[in-house]
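Peer 1: no FASTA, just this:
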Ligand code: NAP
């Protein structure tokens, strides 16, 4: 056990992994870094930092972890749609008086001329889709697919990183395996192959999954974009550089 301060990075995104590696390199003498993953899918890269995997057991579990592991700083670099862990991080840091920063990639700024409709959630998307969609590429993950089940006049091509055993008997669902990032050519070919007429996706932002948006714009098909949940209150940055500056100011 060293005396240098400990940073916990809540991860699961490309930005979080890059941040962890950069902190490990740039602050090696001054910070001890622990990178945390939920463990839903296999990690897609190797890490140079210490990694812990699995939930903490809610906000109270995370607060206990912060105390027992002597965490002094926490960066929540989870996905903008991972709202439970962010709420837990907020509560746990508040109750343990731990400095917390949220790092969230900026949302996509769709160009003029792009056909897109925003929806608050999958339930709202399910109300919008029957007006124009017949063959929909879905890249929203596997939660809330129940909302689409009743739309039997629409076929859904659902891209997933790891197929679950749920929904396999649903006749209007076809699951497509895929591990991002995808090139623009790959996205165009996929949309061509399945004759996709609508893209249903989340306002995730970032560069690693933007090609599906560009491909949909090129094909002039509508994009139904699920809005982000509101962020937790507190300090917030949108770039790794700004997160490093925040750390620098605290050491
Ligand atoms: P979520 O609903 O906010 O989290 C569900 C539970 O998973 C949390 O309450 C927590 O369990 C555990 N958890 C989540 N992230 C964790 C982390 N980094 N370290 C340890 N435990 C974590 O999140 P989700 O939407 O299921 O996403 C799960 C993970 O996948 C997140 O880390 C996120 O960054 C990543 N991810 C999510 C999306 C997305 O679209 N939602 C996309 C790409 C990557 P306990 O309450 O037991 O602590």
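Peer 2: Here it is on my side, so go on. Nothing here was measured: the structure is a model prediction, and the numbers come from that model.

Peer 1: Now do the SS call for the one residue in the stretch 1-150 of the chain that gets nearest to the ligand.
Peer 2: With CB to the nearest ligand atom, the shortest gap between the stretch 1-150 of the chain and the ligand falls at residue 55, namely 2.3 Å. To be clear about C-beta, it is placed using only N, CA and C from the backbone, and glycine gets the same treatment. What DSSP: H, G, I helix; E, B strand; the rest coil gives for residue 55 is coil.

Peer 1: What is the neighbour count of it?
Peer 2: Applying other CB atoms under 10 Å, we find 14 residues neighbouring residue 55.

Peer 1: pLDDT score assigned to it?
Peer 2: What the model reports as pLDDT for residue 55 is 97.

Peer 1: next one: residue 208
Peer 2: For residue 208, pLDDT reads 86.

Peer 1: Could you say which helix or strand holds it?
Peer 2: Here residue 208 sits in a region with no helix or strand, counting by DSSP states H and E.

Peer 1: I figured it hits residue 179, correct?
Peer 2: No - using CB atoms under 8 Å, residue 208 is not in contact with residue 179, being 10.8 Å away.

Peer 1: With adjacent residues omitted, what lies nearest to the residue of the stretch 151-251 of the chain found nearest the ligand?
Peer 2: Going by CB to the nearest ligand atom, the ligand is nearest to residue 202 of the stretch 151-251 of the chain, at 6.0 Å. Nearest residue to residue 202, sequence neighbours excluded (CB to CB, 6 or more residues apart in numbering): residue 226, at 4.5 Å.

Peer 1: again, but for residue 69
Peer 2: In space, residue 69 is closest to residue 6, 6.4 Å off (CB to CB, 6+ apart).

Peer 1: Just list whatever residues bridge to the one you found.
Peer 2: residue 32, residue 71 (DSSP bridges).

Peer 1: Enumerate every residue touching it.
Peer 2: 31-34, 69-73 (CB atoms under 8 Å, 6 or more residues apart in numbering).

Peer 1: Throw those into TSV and include neighbour count, distance to the ligand and pLDDT, thanks.
Peer 2: What follows is the contacts of residue 6, written out as TSV (neighbours: other CB atoms under 10 Å; distance: CB to the nearest ligand atom, whole Å; pLDDT from 0 to 100):
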residue	neighbour count	distance to the ligand	pLDDT
31	18	18	94
32	22	17	94
33	23	14	95
34	19	10	95
69	13	13	97
70	11	18	97
71	22	13	98
72	17	18	97
73	20	15	98
